[in-house]
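Q: Pasting the sequence and the predicted model now:
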Amino acid sequence: MQVEEDSESDEEEEPGQAGNRSRTSTGNQWSSKDPGLAGSKVPEFQRPVLGAAGDNDSFDEVLSAYDYYKLFQSDDFVEQIVYQSKLYGVQKDFPRAVEIFSLDKYRCTEAMLLQSGYHHVPQRCMMWETRADCWNKLVAESIRRDDVDAILKILHFRDNTLLDDDGYFKVRPIFNNINKASSKYFRVQESFSIDEIMVPYFGPHYTKQFIVGKPVRFGYKVSTIFQQQ
């Protein structure tokens, strides 16, 4: 049986015709100036209530979730991070990153990384795209994408010129700060549990572990203490 061709078939495109199609404008107007949005769109939080009534007396000045977070990540510690990062930027000749690196912009970058733990996109830069399935209003209206890239480019916690044989030399200040703050605000209770967690990491390091059958198979094993409250 002979099948007749459809007489209403679409006309063939001439060579080069597809590349001449006009692009739809998104309506965005980009500016090279810093709009000063760092931290300007932070939403309000309801104050959590601690377990025991007596514990709340020592947290009278803690009025938001951000205040609670600063108990473990104080401004003094962040100032040290800013200093060490700028020192690394000067050593590696990244003048623009050194210029824009500040406490507020580091806080916004840190919040963006924490928030990306549950708002996953294939690439970090997609949080600033205007597509509905990518754009993150909280991030895009708080800090510029170029500023985040510059901050992560020089982010450091210790001076590399003082490197020693400590396998965790570059991140040791993070461990010390968390342990110090946790010991200060730790509430001794009747029941608690000691367990291990995996910190995901896929780069080369001699302390990295591979554990079959775990949700996080590659990374560092860290000991933790858990309580009911």
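A: Yes, it's here.

Q: By mean pLDDT, flag the weakest helix or strand of the protein.
A: Using mean pLDDT, DSSP states H and E, helix 53-56 stands out as the lowest-scoring helix or strand of the chain, at a mean of 50.

Q: And the helix ranked longest in the chain, what's buried?
A: Using DSSP state H, we find that the single longest helix of the chain is helix 75-91. For helix 75-91, the buried set under the neighbour-count rule, 16 or more other C-beta atoms under 10 Å, comprises 77-78, 81-82, 84-89. For every residue, glycine as well, the C-beta is placed using N, CA and C.

Q: got a list of contacts for that helix?
A: The list of residues contacting helix 75-91 from outside it, by C-beta atoms under 8 Å, 6 or more residues apart in numbering, reads 95, 97-98, 101-103, 106-107, 151, 153-161, 173, 177.

Q: can you do 6 Å?
A: By C-beta atoms under 6 Å, 6 or more residues apart in numbering, the list of residues contacting helix 75-91 from outside reads 97-98, 101, 103, 154-157, 177.

Q: Filter those residues down to the ones in helices?
A: 97-98, 103, 154, 177.

Q: now, which of the residues you listed sits nearest Gly36?
A: Set against Gly36, the nearest of the ones in helices among the contacts of helix 75-91 by C-beta to C-beta is Leu103 (14.6 Å).

Q: With adjacent residues omitted, what lies nearest to that closest one?
A: Residue nearest to Leu103 in three dimensions, not counting chain neighbours: Val78, with 5.4 Å by C-beta to C-beta, 6 or more residues apart in numbering.

Q: how close does the one you found get to Ile100?
A: Val78 sits 15 Å away from Ile100 when distances are taken as C-beta to C-beta, to the nearest Å.

Q: number of nearby residues for the nearest residue to Phe202 once chain neighbours are set aside?
A: Spatial nearest neighbour of Phe202, excluding adjacent residues (C-beta to C-beta, 6+ apart): Phe218 at 5.4 Å. Neighbour count for Phe218, taken as other C-beta atoms under 10 Å: 15.

Q: and Phe218, how far is that from Leu152?
A: Per C-beta to C-beta, Phe218 is found 21 Å from Leu152.

Q: And Gly89, by the same measure?
A: Plainly put, Gly89 is 12 Å away from Leu152 if you go by C-beta to C-beta.

Q: ditto for Tyr66
A: Plainly put, Tyr66 is 21 Å away from Leu152 if you go by C-beta to C-beta.

Q: which SS class is Phe226?
A: strand (DSSP: H, G, I helix; E, B strand; the rest coil).

Q: Okay, and the closest residue to it other than its chain neighbours sits in which element?
A: Leaving out its chain neighbours, the residue that sits closest to Phe226 by C-beta to C-beta, 6+ apart is Ser193, at 4.6 Å. For Ser193, the element it lies in under DSSP states H and E is strand 192-200.

Q: what's the average pLDDT for the helix or strand just after that strand?
A: Past strand 192-200, further along toward the C-terminus, the next helix or strand under DSSP H and E is strand 209-210. Mean per-residue pLDDT for strand 209-210: 90.

Q: Which residues does strand 209-210 contact?
A: Counting contacts by C-beta under 6 Å, 6+ apart, the residues outside strand 209-210 that touch it are 217-218, 221.

Q: same thing but at 8 Å, please
A: 198, 217-221.

Q: Point out where the chain drops to low pLDDT.
A: When the per-residue scores of the chain are filtered using pLDDT under 70, the ranges that remain are 1-28, 30-31, 35, 37-59, 188, 228-229.

Q: Thank you kindly, that will do.
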